[in-house]
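Asks: have a look at this prediction, sequence included:
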Amino acid sequence: MELFVLIGLLIAVFIAELIYYRLHALDNLFLKVDFSKNVARYGEDIELIEVAENRKRLPLPFIILKFEAPRELKFYDMMNTSKSDFFYREDMLTMKAFSKHTRSIKAQCTKRGYYVFPRVGITTSDLLLIERFTRDFPNDSHLVVLPEVLNTGLIQMLTSVTLSERQCRRTLLTDPFTLSGIREYGPNDPMKSINWKASAKTGELMVNQNASTCSQKVHIFLNLETYNQKRSTSLLERSISLTYTYLRELAELGIPASVYTNGLDVITDSPVISETDLGSATLDERAIMLARIDLKKPVLPFVETLEKYMPSTDSEDFILLISPQYNGSFRALLPDLKSRRPSLQWLMPCYKITPDANPEPSIADSYIRWEVIGND
């Protein structure tokens, strides 16, 4: 009889324990997984910071911290990590009452993009390990990985072409309201240009040197339409990286530039466009814009981008059209665009085995074939 009473008491304790844990195991339990920074460079190492808290008196015999991380983050420690569409990470530990767990996991940013944690959750159990309880937690942490900065002679060539175009189109007229400096008087200088104060200080005739009226800008049109039937994106990624690297060079030279793409922002679903000069839209802001282009979304027709934004450019401006797609409908527009924008250049990123674009004679001198290593 005593044995039956003991068994009954044990069963009652088991049931009470299980019911209590069912009701309260997940109370005051918190989990947050953060990136150590919100913006990172391509190839940079970052940390994923995992913080779990048990803010109650009830101890937990074990908890499994689970989160899904983007595959584009390369973990240095792949223990407890499985790979499919995402990296699935699980870490097990014991949590006492009113305890906190913090852990940093190092990873490398291997691809441009905008990343979040799709799911973050905790699995725990009762003291007797009879039943498991699971809860997912909201998580708003995000990471922007900037495009790769390319180390290629193409950028120096583009910069040289840009500067040459700006120089050869510099007008002989000067702006009488803008001074670029003061120099010594020459025999062909008009008397009205003499700066008498500067002349009095130096003891020699000095004249005001007026700035040129040339204000040529650079406009980059980036075409992200697919270039093969497999809908590959590797050349599109190279094109985005090229755009970013070129913008960096222009910023260092103080040359104003605009960027027009038919790619869509991963958050707003709007085309990524930046018409402002570098003085208004900083290089960092433009880098983030390019990083947030989602190549999984269908892009807008490139012809529409050209027709909408080309009129906002000036006939003296330098136009760089970047397009791995070489047989699209935009080809029909190029001869007319070239006649109205003499400085237009078409750059085609491609592989060695990619057929040549065979541009029309009127634009053949403005065609640049850029071969990169690899194949789709």
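Replies: Noted; the coordinates are in hand. Numbers count the residues shown, from 1 in each chain.

Asks: so where's the chain uncertain?
Replies: 78-86, 165-183, 185-189, 192, 197, 201, 209-215, 276-281 (pLDDT under 70).

Asks: domain ranges for it, per the record?
Replies: For the chain, automatic domain parsing gives the domain ranges 26-145, 153-169+215-372, 175-212.

Asks: and of the ones you listed, who's closest to M1?
Replies: domain 26-145 (25.6 Å; CB to CB). Glycine gets a C-beta too; all of them are placed from N, C-alpha and C.

Asks: check the offset of the closest one from the chain's centre.
Replies: 24 Å (CA atoms, centre = their mean, to the nearest Å).

Asks: count the residues that sit near V39.
Replies: For V39, the neighbour count with other CB atoms under 10 Å is 16.

Asks: and the most centrally placed residue in the chain, how far is that from K96?
Replies: By CA atoms, centre = their mean, the chain has its centre lying nearest to A291, at 1.3 Å. Distance of A291 to K96, given as CB to CB, to the nearest Å: 42 Å.

Asks: the strands in the stretch 1-150 of the chain, which residues?
Replies: Using DSSP state E, counting those that start in this stretch, the strands of the stretch 1-150 of the chain run over 29-35, 39-40, 45-54, 60-69, 73-75, 81-83, 87-95, 99-109, 113-116, 120-125, 132-137, 142-145.

Asks: in a markdown table: the ones you listed, plus distance to P301.
Replies: Below are those laid out as a markdown table (distance: least, CB to CB, whole Å):
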| stretch | distance to P301 |
| --- | --- |
| strand 29-35 | 35 |
| strand 39-40 | 31 |
| strand 45-54 | 37 |
| strand 60-69 | 35 |
| strand 73-75 | 33 |
| strand 81-83 | 36 |
| strand 87-95 | 36 |
| strand 99-109 | 32 |
| strand 113-116 | 24 |
| strand 120-125 | 39 |
| strand 132-137 | 40 |
| strand 142-145 | 27 |
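
Asks: among the ones you listed, which comes closest to P361?
Replies: The minimum distance between P361 and the strands of the stretch 1-150 of the chain falls on strand 113-116, with 40.1 Å, by CB to CB.

Asks: partner strands of the closest one, parallel or antiparallel?
Replies: strand 142-145 (antiparallel) (DSSP bridges).

Asks: so what touches the partner strand?
Replies: With contacts defined as CB atoms under 8 Å, 6 or more residues apart in numbering, strand 142-145 is touched by 35, 37-42, 44, 46, 72, 109, 111-116, 288, 291-292.

Asks: beyond that strand, next helix or strand please.
Replies: Moving toward the C-terminus from strand 142-145, the next helix or strand (DSSP states H and E) is helix 153-168.

Asks: just checking, what packs against that following helix?
Replies: Helix 153-168 is packed against helix 234-253, strand 318-322, with contacts defined by 3 or more CB pairs under 8 Å, 6 or more residues apart in numbering; DSSP states H and E.

Asks: out of those, deepest packed?
Replies: Ranked by average neighbour count under the criterion mean count of other CB atoms under 10 Å, the helices and strands packed on helix 153-168 are headed by strand 318-322 at a mean of 25.

Asks: can you give the distance of the helix or strand following it from its chain's centre?
Replies: Going down the chain from strand 318-322, the next helix or strand is helix 334-340, by DSSP H and E. Offset of helix 334-340 from its chain centre (CA atoms, centre = their mean): 31 Å.

Asks: helix 334-340 packs against which elements?
Replies: Other helices and strands packing on helix 334-340, by 3+ CB pairs under 8 Å, 6+ apart, are absent; none qualifies.

Asks: what packs against the very next helix or strand once past it?
Replies: As assigned by DSSP H and E, the chain's next helix or strand after helix 334-340 is strand 345-351. On a contact count with 3+ CB pairs under 8 Å, 6+ apart, strand 345-351 meets helix 234-253, strand 318-322, strand 367-372.

Asks: quick one, which of those is nearest to L300?
Replies: Of all the helices and strands packed on strand 345-351, helix 234-253 comes closest under CB to CB, at 14.1 Å.

Asks: report the angle between that closest one and helix 153-168.
Replies: Calculated by axes from the mean of the first three to the mean of the last three CA atoms, to 10 degrees, helix 234-253 forms an angle of 50 degrees with helix 153-168.

Asks: give me the angle between helix 234-253 and strand 367-372.
Replies: Interaxial angle of helix 234-253 relative to strand 367-372 (the same axes, to 10 degrees): 110 degrees.

Asks: off-centre distance for helix 234-253?
Replies: Distance, stretch centre to chain centre, for helix 234-253: 11 Å (CA atoms, centre = their mean).

Asks: pretty sure the residue nearest to the centre of the chain contacts C109?
Replies: No: contact criterion CB atoms under 8 Å: A291 and C109 do not qualify, at 10.4 Å.

Asks: strand partners (parallel or antiparallel) of whichever strand or helix holds H219?
Replies: Secondary-structure assignment from DSSP H and E places H219 in strand 218-222. Paired with strand 218-222 in the same sheet, following DSSP bridges, are strand 257-264 (parallel), strand 318-322 (parallel).

Asks: CSV for those, including distance to E184?
Replies: CSV is the format used below for those (distance: least, CB to CB, whole Å):
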stretch, distance to E184
strand 257-264, 36
strand 318-322, 34
